[in-house]
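1. Provided below for reference: sequence and predicted model.
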Amino acid sequence: MSNGTPIRRILVALDASPASVEGLKAAAGLAVRLEAELVGVFVEDADLLRAVESPFIREVCFFSPYARRLDRPQLERQLRVQAEGIRRALAQIACRRGLAWDFQTRQGSVARELIAAASEDDLIILGRVGRSLSGPRRVGSTVRAVISGRRGSTLILRQTFYADPAVAVYDGTGSARKALDVAAHFMTDRETPMRVFLLADTREAAEDYRSDAEQWLKKAGLTARFRPLISSAAAVVVYSVQMENTRGPLVLPGEKWQGREEELLNLVDEIDNPVLVVT
């Protein structure tokens, strides 16, 4: 890519919800900054299609006291109508911004189909929250499956996406350098310092990371505010993000969290910022 970032396509999971439209708008804004292709993926849930074949499944309408049987052909028609509406919305947003775009309809589990549609050089954008009627707000099952089952960058959104000031975690790894690169492309105000957390085992290592990051940012025409974190515990990262009082994305190097997916998901649960895991 001409922009030098490791991201060449941005895939966004789409459905008929208002949150999905917000995710699409955020994806389009990022695609402009990263000069990436925008790809919408609509997945017909195979579990739902199988479920309607059960004689016990009924559709309940908010405007009627009656439940009615919903068969598979009816559901497939509804899904096709939804997919076409979403495709038109994607086309309109992408064309307005001058973006290359594509739209795919797939059938299966959302996580599995997103992973299948993406390469390691792609960014997947997902809404983070799964909801139950009785439990607390938690990371959804699709986010969990993508984070655990994919090697590639994933952006997890709550609602509206704010690009800057970004908060990048730097730990000297290859994915940390990519994280700085991507975070730099998020910065719409070049005068605003990027926030950089130096994740290190010792103060001396943190100073080495600071020197390395400063040199890279200087070449990119950016400045930063640095904060050493002599701990990789998720709770420490969460507290530090909250102290920054910013709505920009937290950009994490994926190498640090390999094998620690549950801890990473707990981190995502605890902060309101978008979280981008870069590998």
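-> The structure has been received and is ready for your questions.
2. and the residue minimising distance to the centre of the chain, what does it touch?
-> In the chain, the residue lying closest to the centroid (C-alpha atoms, centre = their mean) is residue 155, at 1.7 Å. The contact partners of residue 155, by C-beta atoms under 8 Å, 6 or more residues apart in numbering, come to 30, 123-126, 249, 274-277. (Each C-beta comes from the backbone N, C-alpha and C, glycine too.)
3. turn those residues into a markdown table, including pLDDT and neighbour count.
-> Converted to a markdown table, those look like this (pLDDT from 0 to 100; neighbours: other C-beta atoms under 10 Å):
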| residue | pLDDT | neighbour count |
| --- | --- | --- |
| 30 | 87 | 24 |
| 123 | 92 | 27 |
| 124 | 93 | 28 |
| 125 | 91 | 25 |
| 126 | 87 | 23 |
| 249 | 89 | 25 |
| 274 | 89 | 25 |
| 275 | 91 | 25 |
| 276 | 91 | 25 |
| 277 | 91 | 27 |
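4. and the gap between the residue nearest to the centre of the chain and residue 147?
-> Plainly put, residue 155 is 11 Å away from residue 147 if you go by C-beta to C-beta, to the nearest Å.
5. now do residue 246
-> Taking C-beta to C-beta, one finds residue 246 at 23 Å from residue 147.
6. looking at these two, which one has more neighbours?
-> Neighbour tally, residue 246 and residue 147, criterion other C-beta atoms under 10 Å: the higher count belongs to residue 147, 23 against 17.
7. checking that one next. Helix, strand or coil?
-> Secondary structure, DSSP: H, G, I helix; E, B strand; the rest coil: residue 147 is helix.
8. so it is in contact with residue 140, correct?
-> No: between residue 147 and residue 140 there is no contact under C-beta atoms under 8 Å: 10.7 Å.
9. in stretch 9-29, what counts as buried?
-> 9-15, 20-29 (16 or more other C-beta atoms under 10 Å).
10. cool, stretch 152-171 as well?
-> Applying 16+ other C-beta under 10 Å to stretch 152-171 flags 152-158, 161, 163-171 as buried.
11. which one's the longest helix in the protein?
-> helix 72-96 (DSSP state H).
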